[in-house]
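Colleague: Make a model of this:
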Amino acid sequence: MKCTTTTKSETRGFTLIELLVVIAIIAILAAILFPVFAQAREKARQTSCLSNNKQQGLATLMYVQDYDETFPIGLYFTVGATGPCTMTSYHAIVPYQKNAQMEVCPSDSIKLNVPLALTRLGAPAACSVGSDLAQVSYQPNYVVIPFGAPPTFQNPNVISLAAIPVPAATSLYSDATVAAGGAYPLLSAPIQGRHMGNVNACFSDGHAKVVKCKPDTGSGTVQATFQALDGTTARGFVVTDSGFYQGMYSLYGIPQQ
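Modeller: Residues are numbered from 1 along each chain as shown. From the prediction side, this is the model:
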């Protein structure tokens, strides 16, 4: 009777060259796909931000209809339940908006710290409106939503809806911060190109859209930087879209027909 024996098959692993080829292929795929994934995430954040802008515009227009077709005041001092406080256009529209998170852009890495900004301005703390105004990513068109002259901020010129001849071309709010002076005037609202170099904005007819811009390099090649009102450092941009705001560092002013 014959006996048969079996042997284990020989196990063979990857060679060094094969491992290096696999690693190289993975690295190439990562280099191709990661920027695509990053762009997709940014597009989602941009859409969320654009929705915030849209809600700001609609809330402001509801305020306008309830207050004799006049726009809110950008900033002024008043007296609240606990003493002197600062009112802003946010406080005016919060009854219609009811959510302070709408004031924050998901792509904004340097949100304006409101309590710190008011302290540096020498203004009272923000008035309590139910939802604390801790951070903001958007700023108004301070011609449409004006404030009085500092340091008292008294007697701003309240703007009526009738003073807006082209609502669809007149900015209300945009991706922006507040400048502390320097490269841009004190309390101006330079736009911030947070969305792949562009900004979101809402307009006086209620629509919101992406506004194209580019780094503000002036007559040179270096992008302008400036200090925001809360002490953070921000970068400057200028509008490239054709129209009234083209070439401006902020969506400021009322276009005429």
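
Colleague: Buried residues, the helix or strand containing residue 95. List them.
Modeller: Element membership for residue 95 (DSSP states H and E) is helix 89-97. By neighbour count on 16 or more other C-beta atoms under 10 Å, the buried set for helix 89-97 is 89-94, 97. For every residue, glycine as well, the C-beta is placed using N, CA and C.

Colleague: right, and out of these, which lies closest to residue 257?
Modeller: Comparing the buried residues of helix 89-97 against residue 257 with C-beta to C-beta places residue 89 closest, at 25.6 Å.

Colleague: and the closest one, what does it touch?
Modeller: 60, 72-75, 140, 145 (C-beta atoms under 8 Å, 6 or more residues apart in numbering).

Colleague: Residue 244 now?
Modeller: Residues counted as contacts of residue 244 (C-beta under 8 Å, 6+ apart) are 169, 253, 255.

Colleague: With residue 70 instead?
Modeller: Contact analysis of residue 70 by C-beta under 8 Å, 6+ apart lists 64, 158-161.

Colleague: The same query, at a cut-off of 7 Å, please.
Modeller: 64, 158-160 (C-beta atoms under 7 Å, 6 or more residues apart in numbering).

Colleague: these two touch, right, residue 226 and residue 234?
Modeller: Yes: proximity of residue 226 to residue 234 meets the contact threshold set by C-beta atoms under 7 Å, at 5.9 Å.

Colleague: tell me, what's touching these two both at once?
Modeller: Residues touching both residue 226 and residue 234 by C-beta under 7 Å, 6+ apart: residue 190.

Colleague: and the angle from the helix or strand where residue 61 lies to helix 89-97?
Modeller: In the assignment (DSSP H and E), residue 61 maps to helix 16-66. For helix 16-66 against helix 89-97, the angle by axes from the mean of the first three to the mean of the last three C-alpha atoms, to 10 degrees is 90 degrees.

Colleague: list the helices and strands helix 16-66 packs on?
Modeller: Packing partners of helix 16-66 (3 or more C-beta pairs under 7 Å, 6 or more residues apart in numbering; DSSP states H and E): helix 89-97, strand 171-175, strand 199-203, strand 208-211.

Colleague: returning to what we had before: could you point out which element follows the helix holding residue 95?
Modeller: Using DSSP H and E, the next helix or strand after helix 89-97 towards the C-terminus is strand 112-113.

Colleague: Relative to residue 30, how far out is residue 22?
Modeller: 13 Å (C-beta to C-beta, to the nearest Å).

Colleague: how about the strands in the stretch 101-250 of the chain?
Modeller: Taking DSSP state E, counting those that start in this stretch as the criterion, the stretch 101-250 of the chain contains strands spanning 112-113, 135-136, 138-140, 171-175, 199-203, 208-211, 213-215, 225-227, 233-235, 237-239.

Colleague: Please name whichever of the ones you listed is nearest to residue 127.
Modeller: Judged by C-beta to C-beta, the one of those that comes nearest to residue 127 is strand 135-136, at 14.6 Å.

Colleague: Having no further points to raise, I will conclude here.
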